[in-house]
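> Build me a structure from this.
(one chain, ligands or ions: 1)
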Amino acid sequence: MATQPSRPADDSADLARVVDLLAAQVVAQYVSAEQDLIAEVADYARRGLAAPVGSAARLDMLRRMQIAAHRVAAELRSRATPLARRVTDEARRSGAAAALRTLTRLTGAHPSLLRTLTAPQPEPVTAHALSSVITMRLDLQRNLEDAATRVTRFGDDAYRAAVARAAESEIMHGIAPAAAQRGAWDELTSQGITGFQDSRGRRWNLASYVEMATRTAVQRAYNEAHEARMAAAGISFFTVAPHAHPCPLCRPWEGRVLSSRYPSGETTTQSALSDVMVTFEVAGTVDQARAAGLFHPNCTHTLVPYLPGVTRMPPAPDWTSADERAYRDAQRLRTFERAVRAAKQREQAALTPSDRARARADVRKAQARVRAHVAATGLLRRPRREQLDLGNG
Ligand SMILES: [Zn+2]
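Prediction:
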């Protein structure tokens, strides 16, 4: 019924789908390059370590590893610009399209809105939205280039770890392999290319760094275009809909009114559908909410138009202990999935048959942990996340 008050419904499922899709595409390229590089240096290590110390084959090992790392880094660096452009353009288009669908749905339900809103149009991009999308694209491009640059050091890291592994073998000679400590080589190959640190000091490996950078850029470009499209149609107020998978940073903004055109505090304005005046509270601007944590990395909230006198706010939900548990359970599953991938990587790059057998046993142990956690929590197991190439091979 056209006169029914509407409850806010957001585009979070669409945003989540776009973020997952684009991040998977970018991560796939970096992870497969990383896989190939690890396999290649493992091959040089097996051959180099089989040769006597001081032999030409041993000395050649470092040079070959360095050349391989530089080659892979150069390939990845050359892809940063086109990838960043494609990903942010796609995110921007998707955000604008989702906003257009939402506006069309609203004016379909409430035709009299067309008195105050500009009729939905395909793609008006404001100068502000365009310049922020360019900033996001350049940010992503720089992050992807930084990731590629870090790959160049992998040749030296691999050489040091391989030589350390050889020394361990000599020391451990005669001791059962099961008693051997996990050495530098195992550490290197299970973690992959590491050494990334973000502005908050958190440490990442190549895949998680590239994924974080891409997800952040996609989410920002999508939301920027989404908001700009709605603002261009004449939407002045927004809200954030309650979410199936909330997080503590976003919860405070759910159900509150945000506006970049009206000051914070009590606002009286005409109803979107009639001449009746309505009074409500503006909690702040979208930028203020963002600065306070809304739209943090991996957030899938999107803004919803708040139509004065029409949108009925759901009661602001509390962050319950069940929410907290669901959030932590999902985080723990990600940790267990990463452990499976790390063990598989170690297995693939193992330098000796006994190292490989040990890694294989670790893969099974890590998989058993995933199964037990999934069974205990009712979470959905996604085997793709346990694959070395994240299922993108
Ligand atoms: Zn959120």
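> so where do the strands sit in this structure?
Listed in chain order, the strands of the chain (DSSP state E) span residues 196-197, 203-204, 237-240, 257-259, 265-270, 277-284, 303-305.
> Would you mind reformatting those strands (as CSV) and adding columns for mean neighbour count while you're at it?
Where you see a C-beta, it was placed from the backbone N, CA and C, and this is true even at glycine. Shown next, in CSV, are the strands of the chain (neighbours: other CB atoms under 10 Å):
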stretch, mean neighbour count
strand 196-197, 15
strand 203-204, 14
strand 237-240, 25
strand 257-259, 22
strand 265-270, 12
strand 277-284, 15
strand 303-305, 25
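> Mind checking the ones you listed for the one nearest to the ion?
Closest of these to the ion is strand 237-240, at 7.5 Å (criterion: CB to the ion).
> circling back to that earlier point, with distance to Arg63 as added columns, please give the strands of the chain in TSV.
Shown next, in TSV, are the strands of the chain (distance: least, CB to CB, whole Å):
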stretch	distance to Arg63
strand 196-197	26
strand 203-204	29
strand 237-240	55
strand 257-259	58
strand 265-270	68
strand 277-284	58
strand 303-305	54
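> what about those, which gets the closest to Ala84?
strand 196-197 (17.0 Å; CB to CB).
> closest point of the stretch 1-150 of the chain to the ion, which residue?
Closest point on the stretch 1-150 of the chain to the ion, by CB to the ion, is Ser12, at 8.1 Å.
> lowest average confidence, helix or strand, in the chain?
Every helix and strand of the chain was ranked by mean pLDDT, DSSP states H and E. The lowest is strand 196-197, at a mean of 81.
> Pull up the pairing partners for that strand, direction included.
Sheet pairing of strand 196-197 (DSSP bridges) gives strand 203-204 (antiparallel).
> Close to the ion: what parts of this protein are there?
The chain has residues 250, 299, 301 near the ion, with proximity defined as CB under 5 Å from the ion.
> Pull out the buried residues from those residues.
Using 16 or more other CB atoms under 10 Å as the burial test, the residues of the chain next to the ion include 250, 299, 301 as buried.
> contacting residues around the first one?
Residues near Cys250 by CB atoms under 8 Å, 6 or more residues apart in numbering: 240, 243, 293-296, 299, 301.
> and with 7 Å instead?
240, 243, 294, 299, 301 (CB atoms under 7 Å, 6 or more residues apart in numbering).
> Over to the last one?
The neighbourhood of His301, defined by CB under 7 Å, 6+ apart, consists of 10, 12, 240, 243, 250, 294-295.
> Dump the buried ones among the residues of the chain next to the ion to a markdown table, plus pLDDT and distance to Glu337.
Compiled in a markdown table, those are given as follows (pLDDT from 0 to 100; distance: CB to CB, whole Å):
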| residue | pLDDT | distance to Glu337 |
| --- | --- | --- |
| Cys250 | 84 | 24 |
| Cys299 | 85 | 21 |
| His301 | 88 | 24 |
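> quick one: Trp319 and Arg251, what's the gap?
Going from Trp319 to Arg251 by CB to CB, to the nearest Å gives 5 Å.
> which of these two has more neighbours?
Arg251 (19 against 15; other CB atoms under 10 Å).
> Could you double-check that the more buried one lies in contact with Asp318?
No - contact between Arg251 and Asp318 fails when scored by CB atoms under 7 Å: they sit 8.1 Å apart.
> can you pull the contacts of the nearest residue to Ala158 once chain neighbours are set aside?
Among residues not flanking Ala158 along the chain, Val41 sits closest, at 4.2 Å (CB to CB, 6 or more residues apart in numbering). By CB under 7 Å, 6+ apart, the residues touching Val41 are 65, 68, 158.
> Neighbours of the closest residue to Thr81 other than its chain neighbours, how many?
Closest residue to Thr81 apart from its sequence neighbours, by CB to CB, 6+ apart: Gln141 at 5.6 Å. Applying other CB under 10 Å, we find 20 residues neighbouring Gln141.
> Next: Arg160.
15.
> What of Pro263?
10.
> do Val374 as well
16.
> Over to the one 5 residues further on?
Look at Leu379: counted by other CB under 10 Å, it has 15 neighbours.
> who are the neighbours in contact with Gly95?
By CB under 7 Å, 6+ apart, the neighbours of Gly95 are 221-226.
> Could you identify the buried members of these?
Buried residues within the contacts of Gly95, counting neighbours by 16+ other CB under 10 Å: 221-226.
> out of these, which one sits closest to Glu337?
Using CB to CB, Tyr222 comes nearest to Glu337 of the buried ones among the contacts of Gly95, at 25.3 Å.
> So that closest one is in contact with Ala16, correct?
No - look at Tyr222 against Ala16 with CB under 7 Å: they stay out of range, at 10.2 Å.
> these two touch, right, Asp11 and Ala96?
No - between Asp11 and Ala96 there is no contact under CB under 7 Å: 11.1 Å.
> where are the low-confidence patches of the stretch 101-250 of the chain?
By pLDDT under 70, the low-scoring segments of the stretch 101-250 of the chain are 119-129, 170-182, 244-246.
> Nearest to the ion: which residue in it?
Taking CB to the ion, the ion has its nearest neighbour within the stretch 101-250 of the chain at Cys250, 3.1 Å off.
> Run a quick neighbour tally on Gln348.
The tally of other residues near Gln348 (other CB under 10 Å) stands at 15.
> wait, Arg328
11.
> Need the pLDDT of it.
As predicted, Arg328 sits at a pLDDT of 90.
> Contact partners for it?
If you count contacts by CB under 7 Å, 6+ apart, Arg328 has none.
> mind checking the longest helix of this structure?
The single longest helix within the chain, with elements called by DSSP state H, is helix 56-109.
> So Leu379 is in contact with Arg334, correct?
No - counting by CB under 7 Å, Leu379 does not reach Arg334; the two are 10.3 Å apart.
> Check the gap between Pro248 and Gln288 for me.
Shown here: Pro248 relative to Gln288, a distance of 18 Å by CB to CB.
> nope, Arg385 is what I meant
From Arg385 over to Gln288 (counting by CB to CB), the distance is 35 Å.
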